[in-house]
Structure formats: C-alpha cells, structure tokens
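Chemist: Dropping a prediction and its sequence here:
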Amino acid sequence: MLSASDGLGRALGLNLALALGLLFAPSCAREATTPEQRVRAVLAALEEGAQQRDAGAMKEHVSEAYSDAQGNDQRAIAQLVAFHLLRNQSVYLLTRVRSVEVAAPGEARAEVLVAMAGRKIEGPEALLALRADLYRFDLGLAEEDGAWRVRTAQWRPAAIEDFR
C-alpha cells in the first residue's frame, strides 16, 4: 500500500475508494428485491471488483454522469482505479455501511466507512497494527436503465473508532 506521506498515493487511494463507492454490505444482486437491497448489492459488487483487481467490473457500477468536487468524471475515476491496481499488488478492504437511504424513486444516498490496506484486514482491531487508509464516504446513487450506479461522492478521513 502507498504510504500516507506519499501525496500521489493518498490521492490515488482516495480516488480508488471513491470509485469503489467503496463500501459495502454483503448482499447478492439476484436476491435483492427492495431498492435498498439493490443498492447494497452494488456496493458489495464494487468491493468484490476491487479485491479481485477488476477495474472494468467496477466501472460498470459508476454512472457515465459521475462527477465529484475534485473534478473527476467516470473516465478519470476508471483511469485512477486502473493505475492504483497496477501500482499495488494487493488491495484489501474493511467496509462498514453506516446507512442507505432511498429518498425518492431512483435516488439513494449511502454513508460508508472504508479501510484500505495492502494486507488482509481481519477486523477493526487489526487496524491499529496496519497502515490502512481510513475514509468516510457520502455517496449519491441513481437508478439508470434498471441498475444502480454511483453518481456522486464526497469523502473525508475516518477514525479507527468509527469502525467499531
């Protein structure tokens, strides 16, 4: 994993986690019936794509209309994810979905905690011994052609205590 003092590494880590939508609850897309379950299934698919190092599979879950405060669009996020996966041989995540809210038909918000490291994260207690990057994400998702996709994201640092 890139060191916290590496500015490029920090930016790439942020953008990788952003593209992941990062963040995720166990759910299976074929079992998802409610909008909330379907959003959680997308988050789980993003997590799986990151851990399988499959940037293409992850890109499918990011809207073509994606934008963020850093000026990234879907293409920029896809490129950053691909670069990050090339540069880091291992990507391990620990995620906690704090909330999923379907505010209106076709619109959802999710608050997700993501810890990223170059080694397997056994649980929140392992974060103290790892150099994991910790983030809190506020994601906006939209239903497009019957599929939920990440359309916006804001992030900020998280604390180890947030994962407990």
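Modeler: Noted; the coordinates are in hand.
Chemist: Just the buried residues of the helix of greatest length in the chain, please?
Modeler: For the chain, the helix with the greatest residue count under DSSP state H is helix 35-51. Applying a neighbour-count criterion of 16 or more other CB atoms under 10 Å, one finds 35-36, 38-47, 49-50 buried in helix 35-51. For the C-beta atoms, the positions are set from N, CA and C on the backbone; glycine is no exception.
Chemist: Kindly report the same for stretch 147-161.
Modeler: W148, R149, V150, R151, T152, A153, W155, A158.
Chemist: chain center to the longest helix of the chain, what's the gap?
Modeler: Relative to its chain's centre, helix 35-51 lies at 9 Å (CA atoms, centre = their mean, to the nearest Å).
Chemist: how far is the following helix or strand past it from where the chain is centred?
Modeler: Per DSSP states H and E, the first helix or strand lying C-terminal to helix 35-51 is helix 55-59. Centroid separation between helix 55-59 and its chain, computed with CA atoms, centre = their mean, is 12 Å.
Chemist: Helix 55-59 - what's its average pLDDT?
Modeler: Here helix 55-59 scores 88 as its mean pLDDT.
Chemist: Enumerate the positions of that helix that are buried.
Modeler: Judged by neighbour count using 16+ other CB under 10 Å, the buried positions of helix 55-59 are A55, M58, K59.
Chemist: got it, and stretch 91-109?
Modeler: The neighbour-count check on stretch 91-109 (16+ other CB under 10 Å) flags V91, Y92, L93, L94, T95, R96, V97, V100, V102, A108 as buried.
Chemist: Many thanks, we can stop here.
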